[in-house]
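> Sequence plus the predicted model coming up.
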Amino acid sequence: NAGVTQTPKFQVLKTGQSMTLQCAQDMNHEYMSWYRQDPGMGLRLIHYSVGAGITDQGEVPNGYNVSRSTTEDFPLRLLSAAPSQTSVYFCASSYGDRGSTGELFFGEGSRLTVL
Amino acid sequence: AQSVTQLGSHVSVSEGALVLLRCNYSSSVPPYLFWYVQYPNQGLQLLLKYTTGATLVKGINGFEAEFKKSETSFHLTKPSAHMSDAAEYFCAVRYSSASKIIFGSGTRLSIRP
């Protein structure tokens, strides 16, 4: 099983550039989410989705867009990168039905540096 | 609002000593509670979880946690620390199997020889 796959693993951007972090899962999970991890701040939720066609904002959504056209994919778009978006980004997914326990499965992370 | 508080950003214990990492959540409704561990330069993996039923839950690597509704706490313990336990630990809360998951700020555990 591939699980949750994130690409790229590393990326360097200049201020103002745009890019998309890709996330794909092969576990048929309804729920997908994006977090950013910064020292001393833990994981902060950026956006999440409870199913195809449904997305919602998390704790720190500004500067990021998402869409969920399929169950498998949940890309995160940075429209105009800023140095404050330098971080490690994690995609995570889980089952979303009432019978599940809701634990998250994480990708390996994407380290983004904005100069 | 949903929130999770982890007391102590850094905890240091001697090898063989008790490990206690604290987690409190804000809610009047019992949530789903999780502890995740992150080893250096790796992603997060599930350590243990509380959903319903028994309030003392056991996880991997000898860790356990107890859900205390009256204290809104879910502290993580291990009787005897091992050098391999050095990592960052995150507490997380979820209010239904389909709702968003919020993490605490993390506690870095160091083990002294």
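In hand now; what should we look at?

> Only C-alpha atoms from now on, for both contacts and neighbour counts.
OK.

> Which residue, other than its chain neighbours, is closest to the residue most central in space within chain B?
Central residue of chain B (CA atoms, centre = their mean): B:Trp35, 3.6 Å from the mean position. Closest residue to B:Trp35 apart from its sequence neighbours, by CA to CA, 6 or more residues apart in numbering or on different chains: B:Cys91 at 4.6 Å.

> quick one: the residue in chain B that chain A sits nearest to from A:Gln22, how far?
Closest contact between chain B and chain A, by CA to the nearest CA, is at B:Ser105 (3.7 Å). Using CA to CA, to the nearest Å, B:Ser105 is found at 25 Å from A:Gln22.

> So for these two, which sits in the more crowded spot?
Under the neighbour definition other CA atoms under 10 Å in any protein chain shown, B:Ser105 and A:Gln22 were set side by side, and B:Ser105 has more, 25 against 17.

> give the contact list for that one.
Taking CA atoms under 8 Å, 6 or more residues apart in numbering or on different chains, we find B:Ser105 in contact with A:40-43, B:5-6, B:9, B:90.

> Is it possible to get JSON lines of those that adds distance to B:Val29 and secondary structure?
JSON lines is the format used below for these (distance: CA to CA, whole Å; DSSP: H, G, I helix; E, B strand; the rest coil):
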{"residue": "A:Gly40", "distance to B:Val29": "28", "secondary structure": "coil"}
{"residue": "A:Met41", "distance to B:Val29": "25", "secondary structure": "coil"}
{"residue": "A:Gly42", "distance to B:Val29": "24", "secondary structure": "strand"}
{"residue": "A:Leu43", "distance to B:Val29": "23", "secondary structure": "strand"}
{"residue": "B:Thr5", "distance to B:Val29": "16", "secondary structure": "strand"}
{"residue": "B:Gln6", "distance to B:Val29": "19", "secondary structure": "coil"}
{"residue": "B:Ser9", "distance to B:Val29": "26", "secondary structure": "coil"}
{"residue": "B:Phe90", "distance to B:Val29": "21", "secondary structure": "strand"}
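
> out of these, which are buried?
With neighbours counted by 16 or more other CA atoms under 10 Å in any protein chain shown, those contain buried members at A:42-43, B:5-6, B:9, B:90.

> which residue sits closest to A:Cys23 in space, ignoring its chain neighbours?
Using CA to CA, 6+ apart and skipping the chain neighbours, the partner closest in space to A:Cys23 is A:Gln6 (4.6 Å).

> Tell me the residues on chain B that lie near chain A, please.
Applying CA under 8 Å from any CA of the partner chain, we find that chain B lies next to chain A at B:9, B:32, B:34, B:42-46, B:49, B:51, B:90, B:94, B:96-106.

> give the contact list for residue 5.
In the absence of a named chain, chain A is used. Each residue near A:Thr5 by CA under 8 Å, 6+ apart is listed here: A:22-25, A:107-108.

> actually it's chain B I care about, not the one you picked
B:23-25, B:104-105.

> What of A:Ala82?
Contact analysis of A:Ala82 by CA under 8 Å, 6+ apart lists A:14-16, A:114-115.

> any weak-confidence spans in chain A?
Along chain A, the parts satisfying pLDDT under 70 run over A:1, A:96-101.

> Tally up the residues packed near A:Gly3, please.
15.

> contacting residues for it?
With CA under 8 Å, 6+ apart, A:Gly3 has these contacts: A:25-27, A:105, A:107.
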